[in-house]
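Undergrad: Have a look at this prediction, sequence included:
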Amino acid sequence: APEQTFEDREPAPSLDIYALGAVLYHMLTGDVPPGSGIEPATLAGRDPQLAPADKVLRRMMAPDPQLRYPSAPQAAAALRSALREITAHDSSVSAADGGVEGQWLENPLEIVLRDRIDQSFWTRSRARAEKLHAGEGVRRLLDAWSDDHPMRRRQLGQAIRIDQIVSYNLYFYDLKILYETRTYPETRERPYSGSRIASRKQPPDRWQVEVATPDEPFADMPETEVALPHSEKSIVCPRCKGETRITCGRCQGRGTLDIKRTVKTATSTHSEIQTVDCPDCQGQAQLPCDSCDGQGGLLESSVFRVSRRGRLWQNTDDMEGLPQRALDERAEPVFSAAIDVHDPVWHAAEPLHELLAEATKGTGDETRVVAAELTIRGAPVTEVDYTFRNKPRTLAIIGFDDNIRGDLSLFDSERLLIIALAIVAVLALAAAIYFGVLRT
């Protein structure tokens, strides 16, 4: 493991988990794991069937010891679950019916944030798992579930061979982010004719300026312009040099213009030059300065533009193969509070790190996160790998109400067929009656 040294005196389970992951990586790929800081190659590149095991081995060989599985049995159970499609037992292999030991997999979030998650949720989910793992817990639940509806397979718990039971908590992450954008200061000028102004204080950084914001948290705020304190100073207008007037550009300061006109007489046509007053300056040769509006001075100040926008970011743990809607409906709040998106503790769990990395991708010197609120919801899950009619299958028991989800093997196919045929017969009879009425 990267943290292991020759001076270590106290061995830790995390060292063995890393070593076990490295051995498994070697076994599955034929290659020695890369050195510290180098991302290992994906198992899918070696064999697409091994792709589900990628996350398991990456967690076992995580650089941070706290992110690894707490024990080898948990790592083994996770690996069996990931590779169940290619390691499923066939009918010739005997199973320890009634003796299948359930495994509890600790979510990485629970390892690094145990003290922040609602303890009552974690306690209840563990108690639920122990109840299902104990003795015939899963079989009794399946039998009761199948007896509750005529379309479900009778005595389901006795009809299947249970190969593996794994329980864990799965989490949903909702992150509210409030972004604030403050542009780089720009110079603004306006006409000024008062006494001299020059602040002795240095203007603060624009991010230190307090700005009025909406009372509603995470509400958008349209772009407004804010003056930087202590940035105002008066200057002599550079265009008129403080004289308030400038030379007329049209007559070049003469006050008159020479205009050539064509004069027609009874016998001929000729041109003559006439001198007229300049229409712009009315013969005054000067105009009020257009830069200072004839005030003779300017007031300079630095301003920046500020705006705010709120956004909701969402992520979940890996839900591949699980019914997301059923999980979402049964998830309970386990944490909700304002957080610092740059605090390393929130980046220790991979789904949260992915969420925070995406949420802060567009931030920088002009745009910052000024508020963040994280809500985590959790739902307990028990996955049961079983064999029915010599085929490996999986069902999921979701939530504290033990909602069961799986494939058609959970239902009585003969009854479903009878009902389908009955429906077809009724529709055919209704169609016959309908067309018979039309003929008459």
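TA: Yep, that arrived.

Undergrad: remind me, longest helix of the protein?
TA: helix 413-439 (DSSP state H).

Undergrad: gap between the nearest residue to Val112 once chain neighbours are set aside and Gln208?
TA: Of all residues not flanking Val112 in the chain, Ala348 sits nearest, at 4.0 Å (Cβ to Cβ, 6 or more residues apart in numbering). Bear in mind the C-beta positions are built from the backbone N, C-alpha and C, glycine included. With distances taken as Cβ to Cβ, to the nearest Å, Ala348 is found 32 Å from Gln208.

Undergrad: Give me the more crowded residue out of those two.
TA: Between Ala348 and Gln208, counting by other Cβ atoms under 10 Å, Ala348 is the more crowded of the two (18 against 9).

Undergrad: can you pull out the helices in the stretch 51-200 of the chain?
TA: Assigned by DSSP state H, counting those that start in this stretch, the helices in the stretch 51-200 of the chain fall at 54-60, 72-82, 84-87, 108-112, 119-133, 137-147, 156-159.

Undergrad: CA atoms of the last one as PDB?
TA: Only the C-alpha atoms of helix 156-159 are listed here, as PDB (Å, rounded to 0.1, in the frame of the first residue of the first chain):
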ATOM      1  CA  LEU A 156     -41.500 -18.300  -3.500                       C
ATOM      2  CA  GLY A 157     -39.000 -18.500  -0.700                       C
ATOM      3  CA  GLN A 158     -39.000 -22.300  -0.800                       C
ATOM      4  CA  ALA A 159     -39.000 -22.500  -4.600                       C
END
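
Undergrad: Which elements pack onto it?
TA: With contacts taken as 3 or more Cβ pairs under 8 Å, 6 or more residues apart in numbering; DSSP states H and E, helix 156-159 sits against helix 137-147.

Undergrad: Now the helix it packs on - C-alpha only, CSV.
TA: Only the C-alpha atoms of helix 137-147 are listed here, as CSV (Å, rounded to 0.1, in the frame of the first residue of the first chain):
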residue,chain,number,x,y,z
GLY,A,137,-35.3,-14.2,7.2
VAL,A,138,-35.3,-13.7,3.4
ARG,A,139,-37.3,-16.9,2.7
ARG,A,140,-40.0,-16.0,5.2
LEU,A,141,-40.2,-12.5,3.6
LEU,A,142,-40.5,-14.0,0.1
ASP,A,143,-43.1,-16.5,1.2
ALA,A,144,-45.3,-13.8,2.8
TRP,A,145,-44.8,-11.5,-0.2
SER,A,146,-45.9,-14.3,-2.6
ASP,A,147,-49.0,-15.2,-0.5
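
Undergrad: residues of it that come out buried?
TA: Judged by neighbour count using 16 or more other Cβ atoms under 10 Å, the buried positions of helix 137-147 are 137-139, 141-143, 145-146.

Undergrad: Next: stretch 72-84.
TA: Within stretch 72-84, the residues scored as buried using 16+ other Cβ under 10 Å are 74-75, 77-84.

Undergrad: Kindly report the same for stretch 12-20.
TA: Buried residues in stretch 12-20, defined by neighbour count with 16+ other Cβ under 10 Å: 14-18, 20.

Undergrad: any weak-confidence spans in the protein?
TA: Low-confidence segments of the chain (pLDDT under 70): 8-9, 85, 87-99, 413-417, 419, 438-440.

Undergrad: quick one, phi/psi of the residue in it sticking out farthest from the centre?
TA: In the chain, the residue that sits farthest from the middle, by Cα atoms, centre = their mean, is Thr267; the gap is 90.8 Å. The phi/psi pair for Thr267 (degrees, to the nearest 10) reads phi -110, psi -20.

Undergrad: got it, and the one 3 residues further on?
TA: Per-residue torsions, His270: phi -140, psi 170 (degrees, to the nearest 10).

Undergrad: picking that back up, can you give me the separation between the residue nearest to Val112 and Asp340?
TA: Taking Cβ to Cβ, one finds Ala348 at 14 Å from Asp340.

Undergrad: same question, Arg46
TA: Arg46 is 40 Å from Asp340, by Cβ to Cβ.

Undergrad: OK, contacts around the residue nearest to Val112?
TA: Residues near Ala348 by Cβ atoms under 8 Å, 6 or more residues apart in numbering: 64, 66-67, 108, 112-113.

Undergrad: returning to what we had before: can you redo the buried residues of helix 137-147 as a markdown table, where the extra columns are distance to Asp318?
TA: Output for the buried residues of helix 137-147, formatted as a markdown table (distance: Cβ to Cβ, whole Å):
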| residue | distance to Asp318 |
| --- | --- |
| Gly137 | 25 |
| Val138 | 23 |
| Arg139 | 28 |
| Leu141 | 25 |
| Leu142 | 25 |
| Asp143 | 30 |
| Trp145 | 26 |
| Ser146 | 29 |
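
Undergrad: which among these gets closest to His353?
TA: Set against His353, the nearest of the buried residues of helix 137-147 by Cβ to Cβ is Val138 (34.1 Å).

Undergrad: So Arg308: helix, strand or coil?
TA: Under the three-state scheme (DSSP: H, G, I helix; E, B strand; the rest coil), Arg308 adopts strand.

Undergrad: I'd guessed it sits against Glu216; true?
TA: No - the criterion here is Cβ atoms under 8 Å, and Arg308 misses it with Glu216 at 10.8 Å.

Undergrad: quick one: which of these two has more around it?
TA: Ranked by neighbour count (other Cβ under 10 Å), Arg308 and Glu216 place Arg308 first, with 20 against 9.

Undergrad: residues contacting the more buried one?
TA: By Cβ under 8 Å, 6+ apart, Arg308 lies in contact with 178-181, 213-214, 219-221, 370.

Undergrad: do the same with Gly297
TA: The neighbours of Gly297, taking Cβ under 8 Å, 6+ apart as the test, are 191-194, 234-237, 242.

Undergrad: just those residues now: which is nearest Pro40?
TA: Nearest to Pro40 among the contacts of Gly297: Ile235, at 63.8 Å, using Cβ to Cβ.

Undergrad: For the closest one, name its beta-bridge partners.
TA: Taking DSSP bridges as the rule, Ile235 bridges to Leu298.

Undergrad: Okay, it and Pro2: tell me how far apart.
TA: 61 Å.

Undergrad: burial of Glu232, as a residue count?
TA: Per other Cβ under 10 Å, the neighbour tally for Glu232 reads 17.

Undergrad: Distance check, the residue lying closest to it once chain neighbours are set aside against Asp290.
TA: Take Glu232 and drop its neighbours on the chain: the residue closest to it by Cβ to Cβ, 6+ apart is Ser301, 4.5 Å away. Distance, Ser301 to Asp290, using Cβ to Cβ: 20 Å.

Undergrad: again, but for Leu105
TA: Leu105 sits 76 Å away from Asp290, going by Cβ to Cβ.

Undergrad: Give me the more crowded residue out of those two.
TA: Leu105 (21 against 11).

Undergrad: returning to that earlier point: and Val381, which of the helices of the stretch 51-200 of the chain is closest to it?
TA: Of all these, helix 119-133 comes closest under Cβ to Cβ, at 9.1 Å.
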